[in-house]
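Asker: From the sequence below, what's the structure:
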Amino acid sequence: MVTYQVYQYSSEKNDGTNVHYFEGTCLSSDTKPTQGVANGSKLLEMDTATLYMWDAAGQQWLPWQ
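Answerer: Numbers count the residues shown, from 1 in each chain. Sure, this is the predicted structure:
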């Protein structure tokens with residue numbers, strides 16, 4: 001289950017699609033959201049201590065290094 005600690009509404013896309021910036025925690029086995037996620041959103045996997053950031057251009061969660 002993904003738990004959101006920070007959740008802010010944003011409308012960043014030029015086509016009017018609503019996207020949301022958030023910061024949250026999850027387990028590596030959880031399904032991470034891929035729709036309506038704002039660029040730079042963050043998820044911390046608690047069981048692996050890996051921080052992921054959403055890359056809106058690439059439409060993927062990237063591990064932060």
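Asker: going forward, measure contacts between C-alpha atoms and count neighbours the same way
Answerer: Will do.
Asker: OK, contacts around the most centrally placed residue in the chain?
Answerer: Geometric centre of the chain, nearest residue: residue 41, 4.1 Å, by CA atoms, centre = their mean. Taking CA atoms under 8 Å, 6 or more residues apart in numbering, we find residue 41 in contact with 21-23, 53-54.
Asker: Give me the buried subset of the residues you listed.
Answerer: The neighbour-count criterion (16 or more other CA atoms under 10 Å) marks 21-23, 53-54 among the contacts of residue 41 as buried.
Asker: Which of those sits closest to residue 3?
Answerer: Residue 3 lies nearest to residue 23 out of the buried ones among the contacts of residue 41, by CA to CA, at 8.6 Å.
Asker: hang on, the closest one packs against residue 7?
Answerer: Yes. Between residue 23 and residue 7 there is a contact under CA atoms under 8 Å: 6.7 Å.
Asker: What segments of this structure are strands?
Answerer: 3-10, 19-26, 42-45, 50-55, 60-63 (DSSP state E).
Asker: would TSV of the ones you listed with distance to residue 36 be doable?
Answerer: As requested, the strands of the chain are arranged in TSV below (distance: least, CA to CA, whole Å):
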stretch	distance to residue 36
strand 3-10	10
strand 19-26	4
strand 42-45	13
strand 50-55	11
strand 60-63	12
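Asker: what's the most buried one of those strands?
Answerer: Compared across these, strand 42-45 shows the largest average neighbour count, a mean of 22 (mean count of other CA atoms under 10 Å).
Asker: residues in contact with the residue of the chain most remote from its centre?
Answerer: Relative to the mean C-alpha coordinate of the chain, counting by CA atoms, centre = their mean, the farthest residue is residue 15 (20.1 Å). Residue 15 makes contact with no residue under the criterion CA under 8 Å, 6+ apart.
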